[in-house]
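J.: Got a sequence here, can you model it:
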Amino acid sequence: MTVYLVGAGPGDPGLLTVRGAELLARADVVVHDRLSAAELLDLARGDAERIDVGKAPKHHRMTQEQINALLVERGLAGQMVVRLKGGDPFVFARGSEEARALALAGVPYEIVPGITSALAVPAYAGIPVTQRFSSTSFTVVTGHEDPASGEGTVDWEAIARTGGTIVILMGVGRWPAISQRLLAAGLSADTPAAAVRWGTRPEQHTTRATLATLADHPLAAPSVIVVGGVAGEDLAWFTGRPLFAKRVVVTRARAQASTLVARLRELGADVIEAPAIEVAEPEDGGAALRAAVERIAEFDWVVLTSPNGVRRTFAQIPDARVLAGVHVAAIGSGTADALGQVRVVADLLPPEYVAESLLAAFPAPPAGGGRVLLARAAVARDVLPDGLAAMGWEVEVAPAYRTVPVELTDDERDLVATADAVTFTSSSTVTNLCAAVGAGGVPPVVVSIGPVTSATARANGLTVTAEAAEHTIDGLVTALLATLATPT
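T.: Here you go, the predicted model:
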């Protein structure tokens, strides 16, 4: 099998290449750096082995030689290995050493370039590395040289004479000496300089100064330093987004959270995925639902209350034509969208996405009575079946799925405790997160998708800061924005 040296980009998981994502999804083993975005590891299969070989200052989990040996060992064992490296594998990342080790061992390998921090980080800070007529070239150089080289092997004087923009990676530790050599080489003390720490990530911070004064500011790794006229530009866009640097907890089941997570990240939030629930088969393995679907023609209506109910129900329906003569009702636009994916249009969609609204809009049964199949979560409120029965309908409730709690890791609990806000999309997410961290461990801003979820939050001792006017993911995001967005 092949070992793939994949560039993960500088931090924003959205900057991973399509090729990189494809390989991660197929990998048997992912060997990853410390600076790789943790979310990227979720792209790998659940059963894929994940090996952290990240290096921190003065602390290495593995030496480079050990990493090389690990890649060779796993490659020779016939496993598909993705070596996920921050930035680009061949830009100051020792990818060439890993490739050489694989080549000498006869292990096939492939290089998948990544977006280098030398270009992405300045762009996210609003700094163009080139400008027409003023900065027509740029030089990328490492500030992290072999300690045995004394003052180093980089000819800073030659770089200063070259002109254009200078982009320095891993240079914070030696920046005072580097700046002095650039000044001694003739660069003006007033030359703009900027250091961008944690570029492309929600904690991004830019320090702007001059070549002579940047060292007077507290700098820390990992930072990209830009020297030149362009460093005076401030075409900010990344840090100007309304939820920038706000840490928001998403409690939805991981398989269903992608839309919400993507929306929040686009708005600048630092999203913490702490799934409080997982969707599982009902305790009877779906037997009641299968039995009901086999008799689908006996029902006048099928009522579905969630996208999960749609997916589980229609997994038992081989041909939508069996619904001929059967009406379908849905609670919520998400449920209606899930029906659309199986080419079914809901006959009834209430104006408000709660059971009470569906009851108000539901027709009376025909003369002689009628039957309703309600496919829903195993544990749910009885408002809907009781209300339909009171109207004269014969109701058969078939559990389509159940939600089970997911135990959070210690790291996830710590991240939840430091968050600014939490979003709840169902009562079960409230109940299970509170069970995991306690009401006191829930972030101070609580945003709920609707009144039922809000009632559960209050019953658990939480104060609901905001509730979505429209009980959808879009409505939830709108409520969060109104509550948490940074004023412009």
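J.: going forward, measure contacts and count neighbours with C-alpha atoms only.
T.: Will do.
J.: where does the closest residue to V422 other than its chain neighbours land in three-state SS?
T.: Spatially, and ignoring its direct neighbours in sequence, V422 is nearest to V249 (4.5 Å; C-alpha to C-alpha, 6 or more residues apart in numbering). Recorded secondary structure, V249: strand (DSSP: H, G, I helix; E, B strand; the rest coil).
J.: who touches G370 in this structure?
T.: The contact partners of G370, by C-alpha atoms under 8 Å, 6 or more residues apart in numbering, come to 299-300, 392-394.
J.: of all the residues you listed, which two lie farthest apart?
T.: Taking C-alpha to C-alpha as the measure, these span a maximum distance of 14.0 Å, between F299 and G392.
J.: Between the two, tell me which one has more neighbours.
T.: More crowded of F299 and G392, by other C-alpha atoms under 10 Å: F299, with 20 against 15.
J.: Please tell me how far that one sits from V397.
T.: Applying C-alpha to C-alpha, to the nearest Å, the value for F299 to V397 is 12 Å.
J.: Can you show me the helices along the stretch 1-150 of the chain?
T.: Ranges of helices in the stretch 1-150 of the chain, per DSSP state H, counting those that start in this stretch, are 18-26, 64-76, 95-104, 117-124.
J.: just checking, what packs against the first one?
T.: Using 3 or more C-alpha pairs under 8 Å, 6 or more residues apart in numbering; DSSP states H and E as the contact criterion, the secondary-structure elements in contact with helix 18-26 are strand 3-7.
J.: chain center to the strand it packs on, what's the gap?
T.: A distance of 21 Å separates the centroid of the chain from that of strand 3-7, by C-alpha atoms, centre = their mean, to the nearest Å.
J.: Show me what that strand is packed up against.
T.: By 3+ C-alpha pairs under 8 Å, 6+ apart, strand 3-7 packs against helix 18-26, strand 81-85, strand 109-112.
J.: if we can go back for a sec, what touches both of F299 and V397?
T.: With contacts taken as C-alpha under 8 Å, 6+ apart, F299 and V397 have L373 as neighbours in common.
J.: per the record, what domains does the protein have?
T.: The chain breaks down into these domains under automatic domain parsing: 3-115, 119-232, 247-276+406-484, 280-404.
J.: Distance to R241 and mean pLDDT for the ones you listed - can I get that in TSV?
T.: Shown next, in TSV, are the domains of the chain (distance: least, C-alpha to C-alpha, whole Å; pLDDT from 0 to 100):
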stretch	distance to R241	mean pLDDT
domain 3-115	15	90
domain 119-232	10	92
domain 247-276+406-484	5	91
domain 280-404	27	91
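J.: Quick one: these as a markdown table, columns for distance to G240 too.
T.: Output for the domains of the chain, formatted as a markdown table (distance: least, C-alpha to C-alpha, whole Å):
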| stretch | distance to G240 |
| --- | --- |
| domain 3-115 | 16 |
| domain 119-232 | 10 |
| domain 247-276+406-484 | 8 |
| domain 280-404 | 30 |
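J.: F238: which of those is closest?
T.: Among the domains of the chain, domain 119-232 sits nearest to F238 (C-alpha to C-alpha), with 5.7 Å.
J.: Span of the closest one from start to end?
T.: 16 Å.
J.: what's the answer for stretch 212-220, then?
T.: Separation of the first and last residues of stretch 212-220 by C-alpha to C-alpha is 18 Å.
J.: try stretch 412-427
T.: Start-to-end, stretch 412-427 (C-alpha to C-alpha) is 20 Å.
J.: Closest one to V6 out of the contacts of G370, please.
T.: F299 (53.8 Å).
J.: Enumerate every residue touching the closest one.
T.: 326, 370-373.
J.: same deal with H327?
T.: 300-302, 346-347.
J.: And V226, by the same measure?
T.: Listed by C-alpha under 8 Å, 6+ apart, the contact set of V226 reads 122, 165-168, 193-195.
J.: List just the nearest of those residues to R74.
T.: Among the contacts of V226, I168 lies closest to R74 (C-alpha to C-alpha), at 34.4 Å.
J.: Report how many residues lie close to that closest one.
T.: Count around I168 with other C-alpha under 10 Å applied: 22.
J.: Report the separation between it and W156.
T.: On the measure of C-alpha to C-alpha, I168 and W156 end up 11 Å apart.
J.: for M391, same thing?
T.: As for M391, its distance to W156 is 84 Å (criterion: C-alpha to C-alpha).
J.: So which of the two has more stuff around it?
T.: More crowded of M391 and W156, by other C-alpha under 10 Å: W156, with 19 against 15.
J.: Which one of the helices of the stretch 1-150 of the chain lies nearest to A469?
T.: Closest to A469 of these, according to C-alpha to C-alpha: helix 117-124, at 33.6 Å.
J.: which residues does V227 form a beta bridge with?
T.: I166, A193 (DSSP bridges).
J.: Would you agree it is in contact with G163?
T.: No - contact criterion C-alpha atoms under 8 Å: V227 and G163 do not qualify, at 10.2 Å.
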